[in-house]
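J.: prediction below, plus the sequence it came from.
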Amino acid sequence: NAGVTQTPKFQVLKTGQSMTLQCAQDMNHNSMYWYRQDPGMGLRLIYYSASEGTTDKGEVPNGYNVSRLNKREFSLRLESAAPSQTSVYFCASFDFGRDAYEQYFGPGTRLTVT
Amino acid sequence: AQRVTQPEKLLSVFKGAPVELKCNYSYSGSPELFWYVQYSRQRLQLLLRHISRESIKGFTADLNKGETSFHLKKPFAQEEDSAMYYCALNYGGATNKLIFGTGTLLAVQP
């Protein structure tokens, strides 16, 4: 049981390059999320997926696209990276399991755009 | 618009001293509030929810709707409590979309 996993852990991109951040969870949760965290700020929601096949925008979706490939996987794509997207990206999953609130975060991906 | 404010970036206390980490929120609906903790080199994890009214690792938090606050308290700090603490508000109802405060670094000195 690995919980929420993210790849890669670190990435450096040049402005204009594209990349996809991968996230997977093995807890059979319905909901998955992508957050970003900038220095001195709280986590901000980029996109979320309430269930397989559905996605919706969060607070800061501009410049990103997402895919809920299946129940386990939720990827975040930067089509044309910009320095403003330098941040730490966290994936999370959530569900109510056995009447308990279950919310887990991944370890984060540190992205630098030069 | 919804907002979560944590006024202190750093709170430094001595071991055994009481701790209060402040959190204020702004939300037009019925708030659902959380405290998350991130220990050094570990991932963010849920500490407690106001709905469950539980005490985790000696920490408690009471929702005060009149003062729109959800302060985190512990009567006697331990060195292992040193971590980054984030207050969060669920503004998405069943979708569990969270807005986070900027966090408070708690440093417990020996």
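T.: Cool, the structure landed.
J.: contacts and neighbour counts: CA atoms only from here.
T.: Fine.
J.: run through the chain and note the low-pLDDT ranges.
T.: No chain in the question, so chain A it is. Residues of chain A meeting the criterion pLDDT under 70: A:1, A:97-99.
J.: hm, I was asking about chain B
T.: Checking chain B against pLDDT under 70 turns up nothing.
J.: which stretches of it form strands?
T.: Taking DSSP state E, the strands of chain B run over residues B:3-5, B:10-14, B:19-21, B:24-26, B:33-38, B:45-49, B:60-61, B:72-74, B:83-90, B:98-100, B:104-109.
J.: what sits closest to residue 79 if chain neighbours are left out?
T.: Since no chain was named, I'll use chain A. A:Ser18 (4.6 Å; CA to CA, 6 or more residues apart in numbering or on different chains).
J.: sorry, should have said chain B
T.: With CA to CA, 6+ apart as the criterion, B:Glu79 has its nearest non-adjacent residue at 5.0 Å, and that residue is B:Val108.
J.: can you get me a residue count around B:Val108?
T.: Burial of B:Val108 is recorded as 20 neighbouring residues (other CA atoms under 10 Å in any protein chain shown).
J.: quick check: it vs A:Leu78, distance?
T.: Look at B:Val108 and A:Leu78: by CA to CA, to the nearest Å, they are 40 Å apart.
J.: equivalent analysis for A:Val113, please.
T.: According to CA to CA, A:Val113 and A:Leu78 sit 11 Å apart.
J.: can you tell me which residues in chain A are near chain B?
T.: A:31, A:40-45, A:48, A:50, A:58, A:94, A:103-108 (CA under 8 Å from any CA of the partner chain).
J.: same thing but 7 Å
T.: Counting by CA under 7 Å from any CA of the partner chain, the residues of chain A close to chain B are A:40-44, A:50, A:104-107.
J.: helices - which of those land there?
T.: Among the residues of chain A next to chain B, none falls in helices (DSSP state H).
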